[in-house]
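> Using only what follows, build the 3D model:
(2 chains)
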Amino acid sequence: MAIMESIETVYLEQNTATVTFDSIPSTYEYLEFRMSVSTDYTGAGYDAIKLNFNGDTGSNYSEHGTGAYSNTSIWAHGVGSQAYVNIYRASALKNAGSEYGNGIVTIYDYANSNKNTTLQQSFAGVIGGYYTEAATYSGSWDSTAAVTSFVLDPLNGSNFLRGSEFSLYGIKSS
Amino acid sequence: MACWNVIDHTELSGTATIWTKDSIPSSYDHLCVKTSQRVDASVYEQSTDLTFNASGTGYSYTYINTTGTSTYTSHRASSQGRILGPYSSGASTLADNFAVSTIWIPNYANTSNYKSVMFSNKVENNTHTTNQWKILNVSGLWSNTDAIDEIKIETSGGNFVQYSSFTLYGINGAA
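Next comes the predicted model:
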């Protein structure tokens, strides 16, 4: 019996506004989400990805992170209450669409009705052709409902670019 | 041969101060522990002690700790009685939030090498106020060549609350 199983992979053959994972089974202990993403945002070399669980767009999400993109500074970021949790890092069209940011997200307690859903992620992003960014983040959804679906949208862009890929895995505990 | 194997999964049915797993088989290449922890102490975050084989000597660790927009600390400690373990959410954080971590212990059964540990730990909260959330990355070393057959995570204050969980995986490489 495999402990880690592939649930679904989405590879975009064309630019796409929204990616949805639905009908997520409750039979795993953890979900793991891996992605390689770029958006059509032209305002900067990077973008983020909004994630909403079970269609909830209320101010029920928080996030905190720390990382670095230069040799002189470390940054930290956090929001206590917002309508989505950001997933990082997407590259953006300003990079001519040839660069894709990547991230690995672990979603804990997604099916446990006694705990809020919490995620942690590590990512690397290309933010302008020459520079990369490395960071680690956490986020939570203030709900004990079992996660059965989640939706991903670009934070600033309108579409994910062709060639972006999202893979969802389930990890069992028995 | 399966790559990931569940050695133990414990979800607490009541409070406890310790999660421990002994008699860990030596047949895997690496160990991975995923934790989801909360304590009943009236704090935002509570440290734990991570030890192996009931040993109280030979540990060292280095961490990077972020608890605010401009609050970063690093620290190195040697000749310790334990490795600083993953922090738990305290009772002062948002209800039902549990701190999470993934701990990797490579080559845990190799009797030629000291044992190294690395983990990333997050205490998430619905506030950005300094010291009310935490991002902790730790590198640890147990200067002992014994194969690890026991892991213990003990809270430094309060009790782990019901539903705190600990899952231990054995990871196989290619045969």
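
> Could you use CA atoms for every contact and neighbour count after this?
Noted.

> Point to the helix or strand of chain B where mean pLDDT is at its lowest.
When each helix and strand of chain B is scored by mean pLDDT, DSSP states H and E, strand B:71-80 comes last, with a mean of 93.

> which residues touch the helix or strand just after that strand?
Per DSSP states H and E, the first helix or strand lying C-terminal to strand B:71-80 is strand B:83-84. Outside strand B:83-84, the residues within contact range by Cα atoms under 8 Å, 6 or more residues apart in numbering or on different chains are B:47, B:48, B:49, B:50, B:51, B:59, B:60, B:61, B:138, B:140, B:141.

> So in that sheet, which strands flank the helix or strand the fourth one falls within, and in what orientation?
Spelled out, that is residue B:50. Following DSSP H and E, one finds residue B:50 within strand B:48-52. Sheet partners assigned to strand B:48-52 using DSSP bridges are listed as strand B:83-84 (antiparallel), strand B:151-155 (antiparallel).

> if we can go back for a sec, got the contacts of strand B:83-84 as JSON lines, with neighbour count and pLDDT columns?
Listed next are the contacts of strand B:83-84 as JSON lines, based on neighbours: other Cα atoms under 10 Å in any protein chain shown; pLDDT from 0 to 100:
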{"residue": "B:47", "neighbour count": "17", "pLDDT": "98"}
{"residue": "B:48", "neighbour count": "20", "pLDDT": "98"}
{"residue": "B:49", "neighbour count": "17", "pLDDT": "98"}
{"residue": "B:50", "neighbour count": "21", "pLDDT": "98"}
{"residue": "B:51", "neighbour count": "24", "pLDDT": "98"}
{"residue": "B:59", "neighbour count": "24", "pLDDT": "98"}
{"residue": "B:60", "neighbour count": "20", "pLDDT": "98"}
{"residue": "B:61", "neighbour count": "22", "pLDDT": "98"}
{"residue": "B:138", "neighbour count": "22", "pLDDT": "97"}
{"residue": "B:140", "neighbour count": "24", "pLDDT": "97"}
{"residue": "B:141", "neighbour count": "19", "pLDDT": "98"}
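
> coming back round to it: tell me which of the strands paired with strand B:48-52 sits most buried.
Sort the strands paired with strand B:48-52 by mean neighbour count, taking mean count of other Cα atoms under 10 Å in any protein chain shown, and strand B:83-84 sits at the top with a mean of 25.

> average pLDDT for that one?
Mean per-residue pLDDT for strand B:83-84: 98.

> do stretch A:55-65 as well
Per-residue scores along stretch A:55-65 average to 97.

> Check which helix or strand the residue in chain A positioned nearest to chain B maps to.
Taking Cα to the nearest Cα, chain B has its nearest neighbour within chain A at residue A:80, 3.9 Å off. Assessed by DSSP H and E, residue A:80 sits inside strand A:75-82.

> any idea how far that strand is from the chain center?
How far strand A:75-82 lies from its chain's middle: 15 Å, per Cα atoms, centre = their mean, to the nearest Å.

> what do you get for stretch A:11-28?
Counting by Cα atoms, centre = their mean, stretch A:11-28 comes out at 12 Å from the chain centroid.

> quick one: average confidence on it?
97.

> Please export the alpha-carbon coordinates of it; PDB is fine.
The C-alpha trace of stretch A:11-28 is given here as PDB (Å, rounded to 0.1, in the frame of the first residue of the first chain):
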ATOM      1  CA  TYR A  11      -0.700  21.000 -16.600                       C
ATOM      2  CA  LEU A  12      -1.900  24.100 -18.400                       C
ATOM      3  CA  GLU A  13      -1.900  23.800 -22.200                       C
ATOM      4  CA  GLN A  14      -3.200  27.400 -22.500                       C
ATOM      5  CA  ASN A  15      -3.400  30.500 -20.300                       C
ATOM      6  CA  THR A  16      -6.000  29.800 -17.600                       C
ATOM      7  CA  ALA A  17      -7.600  32.100 -15.000                       C
ATOM      8  CA  THR A  18      -8.400  29.600 -12.300                       C
ATOM      9  CA  VAL A  19      -7.200  26.100 -11.200                       C
ATOM     10  CA  THR A  20      -9.500  24.100  -9.000                       C
ATOM     11  CA  PHE A  21      -8.900  20.900  -7.100                       C
ATOM     12  CA  ASP A  22     -12.300  19.400  -6.000                       C
ATOM     13  CA  SER A  23     -13.600  16.200  -4.600                       C
ATOM     14  CA  ILE A  24     -10.500  15.800  -2.500                       C
ATOM     15  CA  PRO A  25     -10.800  12.500  -0.600                       C
ATOM     16  CA  SER A  26     -10.700  12.700   3.200                       C
ATOM     17  CA  THR A  27      -8.700   9.500   3.500                       C
ATOM     18  CA  TYR A  28      -5.200  11.100   3.900                       C
END
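
> What residues of it count as buried?
Applying a neighbour-count criterion of 16 or more other Cα atoms under 10 Å in any protein chain shown, the buried positions in stretch A:11-28 are A:11, A:12, A:15, A:16, A:19, A:21, A:24, A:28.

> Show residues contacting the helix or strand where residue A:125 lies.
Counting by DSSP H and E, the element that carries residue A:125 is strand A:117-126. Where contact means Cα under 8 Å, 6+ apart, the residues beyond strand A:117-126 that reach it are A:45-46, A:87-91, A:99-110, A:132-144, A:147, B:97-100, B:122, B:124.
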